[in-house]
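Peer 1: from the sequence below, what's the structure:
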Amino acid sequence: MARQVNFGLWYDFRNPAGELSYEDFYTTTLDQIAWAEELGFESVWLTEHHFVQDGYTPSPLVIGAAIAQKTKSMQIATNLMLLPLADPVRLAEDAATLSILSSGRFDLGVGLGYRQIEFDYFGRELKYRPSLMEEGIDIIRQAWTGEPIRIDGRRYQIDGLAVAPVPATKPRLLMGGMAEPAIARAARLGDGFLSTGGIGHAEYIAALESLGKPRTDGAIFAGHWGVISDDPEQEAARMGEYALYQTNEYIKWGAFGPPDETPVFPDAAAALDGGLYEMLDGEGAVQALTSLLTEYPEIKDVHFWAQFPGEPFEQGNARIEYMAKNVLPKVRQQLGE
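Peer 2: Predicted coordinates for the structure are as follows:
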């Protein structure tokens, strides 16, 4: 049987160089996304953070609505939004609205978050993230039924509140994380698992099996940190400084452990070698992706960073076009699509 896997692009809408106004930056990015759809990319993924000087997008669903109007068939999703920071009723409303505007092309991916500054401002406690997440998932699922929401939880109490409009196509609720409890929670409560950099695939399968669920019930949406070009060494020289910035900012925020225990990378070469990135040429990418998708048939989507923070658009465009013409068709052929 032929296998269908979507290939997509991942965006954070960061603009640290400041050479473009945000208006021009957003317009150019939206044009890039529409062009990528024409080249054969099937999904676009948005992520969320707040209070970041480089403009890391705080409003992915607003951007998702703009993408819905610029594209025809591309699946729009988040990898990921920070559910513990959100009002889950309002998030359910906004996600339902985006599903309607996109004719059912939206999936909502959520995660715990970890930045203290975000939790402080939004009045949440980091230690309450698991209960905020689990109760939030329950509320969103109830909201999308159109029936009155009823929950008497530790974080939320709602008795009989109904949400409208109800989308004809309910978004899939995807859940991400790199720590074992988050991965287990995704297996238990989610419609799929959002991975990053290949972390957690085996743990997710094991969690499904521990719940008595067959592997075929699983769904993985893989955020891939591959950098694919015809000349990886030359590409590393071109984009290394932007990858260094991206990785070190995540480290400073605590994405990979306590910042005081996780050293930043000293230079671009170290970041590309010791981070999550995979520098691949076309043949290597075809082999790596085919192997990954064969080992984990649960993977439904693989998406790559389209633009690194501050990187000129022509560099991202070149990688996008190279993948579309030289990598993705060969992987699809290998999979029998």
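
Peer 1: ok, T247 touching D267?
Peer 2: No. Using C-beta atoms under 8 Å, T247 makes no contact with D267, being 11.2 Å away. Yep, even glycine has a C-beta here, placed from its N, CA and C like the rest.

Peer 1: now the strands for the chain?
Peer 2: Assigned by DSSP state E, the chain shows strands spanning 6-11, 43-46, 75-78, 81-82, 106-111, 149-152, 157-161, 173-176, 192-196, 220-224, 226-228, 278-280, 299-305.

Peer 1: just so I know, which of the ones you listed lies nearest G123?
Peer 2: strand 81-82 (13.4 Å; C-beta to C-beta).

Peer 1: how far away from the center of its chain is that closest one?
Peer 2: 10 Å (C-alpha atoms, centre = their mean, to the nearest Å).

Peer 1: same question for stretch 301-309.
Peer 2: Once both centres are worked out by C-alpha atoms, centre = their mean, stretch 301-309 turns out to sit 9 Å from its chain's centre.

Peer 1: from one end of that stretch to the other, what's the distance?
Peer 2: Criterion C-alpha to C-alpha, to the nearest Å; first-to-last residue distance in stretch 301-309 is 23 Å.

Peer 1: now swap in stretch 94-107 and tell me
Peer 2: 12 Å.

Peer 1: so what's P309 closest to, chain neighbours aside?
Peer 2: The shortest distance from P309 to any non-neighbouring residue, by C-beta to C-beta, 6 or more residues apart in numbering, is to R14 (3.9 Å).

Peer 1: swap in G316?
Peer 2: Spatially, and ignoring its direct neighbours in sequence, G316 is nearest to Q307 (4.1 Å; C-beta to C-beta, 6+ apart).

Peer 1: and T290, by the same measure?
Peer 2: Q334 (4.5 Å).

Peer 1: how about M175, what does it touch?
Peer 2: Residues in contact with M175 (C-beta atoms under 8 Å, 6 or more residues apart in numbering) are 109-111, 133, 137, 182, 185-186, 189-190, 192-194.

Peer 1: for G109, see how far away it is.
Peer 2: Separation of M175 from G109 (C-beta to C-beta, to the nearest Å): 7 Å.

Peer 1: N15 too?
Peer 2: N15 sits 23 Å away from G109, taking C-beta to C-beta as the criterion.

Peer 1: who has more neighbours, the two?
Peer 2: G109 (29 against 22; other C-beta atoms under 10 Å).

Peer 1: which helix runs longest in this protein?
Peer 2: helix 232-253 (DSSP state H).

Peer 1: about what we covered before: so which of the strands of the chain comes closest to P167?
Peer 2: P167 sits nearest to strand 106-111 of all the strands of the chain, at 8.4 Å, using C-beta to C-beta.
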